[in-house]
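# Sequence plus predicted model, see below.
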Number of protein chains: 2
Amino acid sequence: MADFFTIAWIDNGGIVRMLDQRLLPHETVYNDYTSAAEVAAAIRDMVIRGAPAIGAAAAYGLAAAAVHSRATDPSTLRSELVAAGQTLKAARPTAVNLAWAVDNMLSVLSFPLLDTVESIQAAAVVHANHIAAEDVQINRQLGLNALDLVPQDATIIHHCNTGSLATVDYGTALGVIRTAHEHGRNVFVLVDETRPRLQGARLTAWELQQQEIPFQVIADGASGYYMRVKGVDLCVVGADRVAANGDTANKIGTYNLAVVAHENGVPFYVAAPTSTVDLQTLTGDDIEIEERPSSEVTHIGEMEITPAGAPAGNPAFDVTPARYITAIITEKGVAYPPFTESLARLKHS
Amino acid sequence: MADFFTIAWIDNGGIVRMLDQRLLPHETVYNDYTSAAEVAAAIRDMVIRGAPAIGAAAAYGLAAAAVHSRATDPSTLRSELVAAGQTLKAARPTAVNLAWAVDNMLSVLSFPLLDTVESIQAAAVVHANHIAAEDVQINRQLGLNALDLVPQDATIIHHCNTGSLATVDYGTALGVIRTAHEHGRNVFVLVDETRPRLQGARLTAWELQQQEIPFQVIADGASGYYMRVKGVDLCVVGADRVAANGDTANKIGTYNLAVVAHENGVPFYVAAPTSTVDLQTLTGDDIEIEERPSSEVTHIGEMEITPAGAPAGNPAFDVTPARYITAIITEKGVAYPPFTESLARLKHS
């Protein structure tokens, strides 16, 4: 395991501690939070990002809200937690894991057997820890399920960051690569730098370096060149939401990568826990795409790269239609087209 | 006309003066050069870039070599100029305009009627000025030839920089946009930022701002999102070399953009002077792709964005196969598929 952690619950003080990913790879700083509002702000400002990680963060945000509540009766506490859940859900709109974790926590904490403030507080911490621990197990299983899809010598394009930093630990798409590496596959990763926030250049490169997995960072626009000229065996990416028909919302740039992979006959895999599959979302057209501040495009850190006053567009995600996706790898197995059937089967298994 | 110039010859002192494009958009600094070796270094280091602009720079580099030569007889001077031409050609391998301009200069300067050192020196300056002036005329004609391809309301994706800065003046693909704007079309430009060197974010945004043409900078990976969700009417890009069959080498990222445009039914145009069409290069497979220093990917300015020691790949160009190209716009007319016939016809017209 890596010698850092993405998110942890500190019992002593009821603290949610997160690695501030905005400062990576040059600084390793941990921030402490003790309220749902603080955690929501950390999610919105991308101290923590990645669909599974922000799911766990939301669960811990509710745990912090419970532990630090001054409510003296269960019903007041439950009302506070519902309000805290709304704040957390509103932090970012696209990833379904955030809403899933909030709803899952609130559902557990509504059990009538929890009939004192203290029992709800204890259950909130226990269940948030459970959601976090489960994420790690899910990722490990997901990686094992993908093993047959990775050839012995594999050049792999990966977009954004889906490693330990995007999850509680281990990773989804990067977990697939890590498992293959640990099982003796000769993997070489072409790391899409992933503009505008450079999650690939900053975070994925940092994780691969620590795990001693060979890689090379490339500009997002170079992926097609590598497929056509150098040879690429597969692409694997994570997901912020998978619709019932397999349409997948993921970091901006994923759709371009998928289309170019399709055109070059390169298998294109999505790796995501089944909690990211949202059967209530019928197609990708129903997924809200977050528009983030234009300063993320016009500035890199403090440095302005465009001329002063230049307008910029900054959609944070795009939707890749299911027809470009070879398979969707989950902890419950690998779903192949037609996804409407295979995803429903996995989701209910 | 814009209140800057990309390159100019200063008779007084025999100076090639260039706007240092590495410092844009925040600083406007002009550098002076008086030898072919200095001009070659400026081309290699990308003080000046863009296929037509580096063609003009090479012509002026030979003019400087001629003017500052200490040769006392025509044959010694001609030998020096052949050597200087080799130095200039070696500066960057992909754009054909560089070699074309050197060969064109040497061919003119080999006329037997030029039988004194002074007459060769004078002819070098006159012919370099002619090459530069012709580039501006060519770009204006190219823009007019494209007018029928731009609808009255046109959202246009443009990659890299192909404006006044990439040429002696006016621009190729950006010239197409500028002409349409000047003729009353409502153009809106989605400016691919063009990693790694950000020619779109730094240079194209700067030019469009000066020309008061509405635009928005976007990450390269977002182009497909805009095509699929927002609607894009056409893409137009420049070229560093067009092969006889229409395969086109251009800035890295062009191939991805073309594939995604094709998939979305968005017309994809290449705008280039016929001097960029190289009938000696049969297909794109015969075009050498320059690999530039990895520091252009790992650093933005002085800022390191990847973890220390992270390896990066940096192909400067890619090849877009002809089947993704709707038409190639030149100063002699618009070539449509099959390009092998249409380009040969234009080239010889």
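Nice, thanks for sending it over. Residues are numbered from 1 along each chain as shown, chains lettered A, B, ... in the order given.

# Does the closest residue to A:Val277 other than its chain neighbours belong to a helix, a strand or coil?
Taking C-beta to C-beta, 6 or more residues apart in numbering or on different chains, and ignoring the residues beside it in sequence, A:Val277 has A:Val242 as its nearest neighbour in space, at 4.5 Å. Quick note: C-beta positions are derived from backbone N, CA and C, even for glycine. At A:Val242, secondary structure determined by DSSP: H, G, I helix; E, B strand; the rest coil is strand.

# give me the beta-bridge partners of A:Val242?
Beta-bridge pairing of A:Val242 under DSSP bridges involves A:Thr248, A:Val277.

# pretty sure it contacts A:Asn250?
No - when contacts are counted by C-beta atoms under 8 Å, A:Val242 is not listed as touching A:Asn250 (9.1 Å).

# which ones are touching A:Leu343?
Taking C-beta atoms under 8 Å, 6 or more residues apart in numbering or on different chains as the definition of contact, the neighbours of A:Leu343 are A:242, A:244, A:246, A:277, A:279, A:328, A:335.

# Just confirm it is within a strand.
No - looking at A:Leu343 with three-state DSSP, it is helix, so not inside a strand.

# Pull the residues that contact stretch A:97-110.
Outside stretch A:97-110, the residues that reach it (C-beta under 8 Å, 6+ apart) are A:43, A:51-52, A:54-56, A:58-59, A:62-63, A:66, A:78, A:81-82, A:85, A:88-89, A:91-92, A:120, A:123-124, A:127-128, A:131, A:240, A:273, A:275-276, A:278.

# Any residue of stretch A:45-56 touching chain B?
No - between stretch A:45-56 and chain B, judged by C-beta under 8 Å from any C-beta of the partner chain, nothing touches; the nearest distance is 15.6 Å.

# CA atoms of that stretch as PDB?
Output for stretch A:45-56, consisting of C-alpha atoms alone and laid out as PDB, is shown next (Å, rounded to 0.1, in the frame of the first residue of the first chain):
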ATOM      1  CA  ASP A  45     -13.200  22.900  -4.200                       C
ATOM      2  CA  MET A  46     -11.800  19.600  -5.200                       C
ATOM      3  CA  VAL A  47      -9.600  19.000  -2.100                       C
ATOM      4  CA  ILE A  48     -10.900  15.500  -2.800                       C
ATOM      5  CA  ARG A  49     -12.300  14.300  -6.100                       C
ATOM      6  CA  GLY A  50     -13.100  11.000  -7.900                       C
ATOM      7  CA  ALA A  51     -16.600   9.600  -7.700                       C
ATOM      8  CA  PRO A  52     -15.900   6.800  -5.100                       C
ATOM      9  CA  ALA A  53     -13.800   9.100  -2.900                       C
ATOM     10  CA  ILE A  54     -16.400  11.900  -2.700                       C
ATOM     11  CA  GLY A  55     -19.000   9.200  -1.900                       C
ATOM     12  CA  ALA A  56     -16.900   8.200   1.200                       C
END
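
# Mind telling me which residue of the stretch 101-250 of chain A is nearest chain B?
Here the residue of the stretch 101-250 of chain A nearest chain B is A:Gly221; by C-beta to the nearest C-beta that distance is 2.5 Å.

# That residue against B:Glu193, yeah?
No - here A:Gly221 does not reach B:Glu193: they are 9.5 Å apart, not a contact under C-beta under 8 Å.

# which one is A:Leu174 nearest to, not counting chain neighbours?
What sits nearest to A:Leu174 in space, not counting adjacent residues and going by C-beta to C-beta, 6+ apart, is A:Gly163, at 3.5 Å.

# Give me the neighbour count for that neighbour.
Applying the criterion other C-beta atoms under 10 Å in any protein chain shown, we find 30 residues in the vicinity of A:Gly163.
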